[in-house]
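Fold the following for me, if possible:
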Amino acid sequence: MRRRAFPWMVLLVLAAAAAMFAWASALRGGLLPLPAELATLEPTQPPVTRPAQLGRAGQLRYHYGTLNETERAAYDDILARLPGFPESVKLTGLDIGGLNRVFYALTLDQPLLFHISTVHFNYTPDARTGLVTAFLPEYLLTREEYAARYEELARAVESFAVPAGGSQFDCELALHDQLVRKCAYAEDFTQPETSTAYGALVQGSASCEGYARGLLLLMDLQGIDCYIVTGDATNSKGDAVGHAWNKVRIDGDWYQLDATWDDPVTEDGSHVTSHAYFNLTDEDLGQSHAIPASDNPCTATAANYFVRKGLLFGSLDRAAETLLARAVREGFAAGDNAAELRFTDAAALREGRRYLFDRQHVYRVLSSAALGGAPIRTDTLFHADLVQLRVIRLLPVKK
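Numbering: from 1, shown residues only. Have a look, this model is predicted:
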């Protein structure tokens, strides 16, 4: 197995002071001030109507809570006007640093803002005070394209099912697994859709940002508290690269959740649904991710996938084999093509490897799974170890 390389989530670059006194046409990659006389401060068209299915999107607004009062007012004004495709939105009392923070919060909190660039914007400065007088979004879609894609996204969301009467954990797991099965990691980042919920949920191709925004939207609509986290993550080459993932609150406790890294690439290109990064503590995820400081620490383990599913082991025995055989059957029935188990510590992982592979008890697991209906060979398999998380991934071979 190889871990994906992740694109850097590009953050905004502060404009140079000289730009405060000159106008330039929009260029990708920078923040360009525009003179006030060119700004149209009111929408010229009625706002795009949000489909009812998407009505709860963006309501938690975690990053909004990190802003000061002036910044929150700007956030609210921009968010209210963007559906009308204004050329600009008038702002007061905000400097460029504050606008950067507002823009960052908006694009992380609001997964339906896929009609604007989440990387670039323009602004109008006041040469006398240095404050920003207007925000000018960079639109990626026309009004008609946005309305059509809104409807596509609403229909796509309806295809995601959760168990009737399911717990928060059950619903979270169902949505996570459907997203990972539907979406593939995008290798081409030149298309802006890859960083959006639309790319993940409609087109089925996304960067880490797209996975995170897609999962945020699904959790929002289910009423499960969730938000996007950004920071560095160390890939399989040992390089620290920019990355995005989620935090989710289940039964009152916060957990780290990385859907992108739960959608690994196999050497033969086949699909695998992983749960290695499903509801981790800060300590566990921190072995590969640089976790920003937060007022929502993740220390609970009750909703970790392996804990909840009974697949966390201190040692293996015949009873554990029965659980593994069931996990293999269920994984293949769902189309996940894999089963995983986790160990309590490094010593248990080493002993587990000896039990399964050196002593070859894994073939009893395969035989039991096959007898239960799994369409797999019982004489061979592949496996991968995620040593940092003490996880073994079993990859049986289909008949």
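
Got the domain ranges for the protein?
What automatic domain parsing lists as the domains of the chain is 17-146, 310-399.

Export those as JSON lines, with columns for mean pLDDT and mean neighbour count.
For glycine as for every other residue, the C-beta is placed from the backbone atoms N, C-alpha and C. Converted to JSON lines, these look like this (pLDDT from 0 to 100; neighbours: other CB atoms under 10 Å):
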{"stretch": "domain 17-146", "mean pLDDT": "79", "mean neighbour count": "17"}
{"stretch": "domain 310-399", "mean pLDDT": "95", "mean neighbour count": "17"}
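
Out of those domains, the one nearest residue 245 is which?
Among the domains of the chain, domain 17-146 comes nearest to residue 245, with 11.6 Å by CB to CB.

Redo the domains of the chain as JSON lines? Include distance to residue 172.
As requested, those are exported to JSON lines (distance: least, CB to CB, whole Å):
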{"stretch": "domain 17-146", "distance to residue 172": "14"}
{"stretch": "domain 310-399", "distance to residue 172": "16"}
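
mind checking which of those domains is nearest residue 294?
So among those, domain 17-146 is nearest, using CB to CB, at 9.6 Å.

which residues touch residue 180?
259, 262, 263, 273, 274 (CB atoms under 8 Å, 6 or more residues apart in numbering).

which SS class is the second one?
At residue 262, secondary structure determined by DSSP: H, G, I helix; E, B strand; the rest coil is coil.

Okay, and residue 118 sits in which element?
strand 116-125 (DSSP states H and E).

quick one: which of the domains of the chain is nearest residue 229?
domain 17-146 (8.8 Å).

How far away from the center of its chain is that closest one?
Relative to its parent chain, domain 17-146 has a centroid offset of 23 Å by CA atoms, centre = their mean, to the nearest Å.

What segments of the stretch 1-150 of the chain are helices?
Per DSSP state H, counting those that start in this stretch, the stretch 1-150 of the chain carries helices over the ranges 69-81, 96-109, 143-158.

what's in contact with the shortest one?
Counting contacts by CB under 8 Å, 6+ apart, the residues outside helix 69-81 that touch it are 43, 64, 67, 89-91, 93-94, 98-99, 101-102, 105-106, 110, 135, 137.

how about a cut-off of 10 Å?
41-43, 47, 58, 61, 63-67, 86, 88-95, 97-103, 105-106, 109-110, 112-113, 116, 121, 132, 135, 137 (CB atoms under 10 Å, 6 or more residues apart in numbering).

Would you enumerate the residues in contact with the closest residue in space to residue 356 that isn't next to it in sequence?
Nearest residue to residue 356 in three dimensions, chain neighbours excluded: residue 362, at 4.2 Å (CB to CB, 6 or more residues apart in numbering). When contacts are counted by CB under 10 Å, 6+ apart, residue 362 touches 316, 321, 324, 353, 355, 356, 378, 381, 383, 392, 394, 396.

Correct me if wrong, but the fifth one is in a strand.
No. Residue state for residue 355 (three-state DSSP) corresponds to helix; a strand is not indicated.

Please verify my assumption that it contacts residue 314.
No. At 12.0 Å, residue 355 does not count as touching residue 314 under the criterion of CB atoms under 10 Å.

who touches both of those two?
residue 320.

To residue 367, which of the helices of the stretch 1-150 of the chain lies closest?
With CB to CB as the yardstick, what comes closest out of the helices of the stretch 1-150 of the chain is helix 143-158 (39.9 Å).

Dump that closest one to CSV, restricted to CA.
As requested, the backbone C-alpha atoms of helix 143-158 are provided in CSV (Å, rounded to 0.1, in the frame of the first residue of the first chain):
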residue,chain,number,x,y,z
ARG,A,143,-25.2,32.1,-11.9
GLU,A,144,-26.9,29.5,-14.2
GLU,A,145,-24.1,26.9,-13.7
TYR,A,146,-24.2,27.4,-10.0
ALA,A,147,-28.0,26.9,-9.8
ALA,A,148,-27.7,23.7,-11.9
ARG,A,149,-24.9,22.3,-9.8
TYR,A,150,-26.8,23.2,-6.6
GLU,A,151,-29.6,20.9,-7.8
GLU,A,152,-27.1,18.2,-8.8
LEU,A,153,-25.5,18.3,-5.3
ALA,A,154,-29.0,18.2,-3.6
ARG,A,155,-29.8,15.0,-5.6
ALA,A,156,-26.4,13.5,-4.8
VAL,A,157,-26.9,14.1,-1.1
GLU,A,158,-30.2,12.3,-1.2
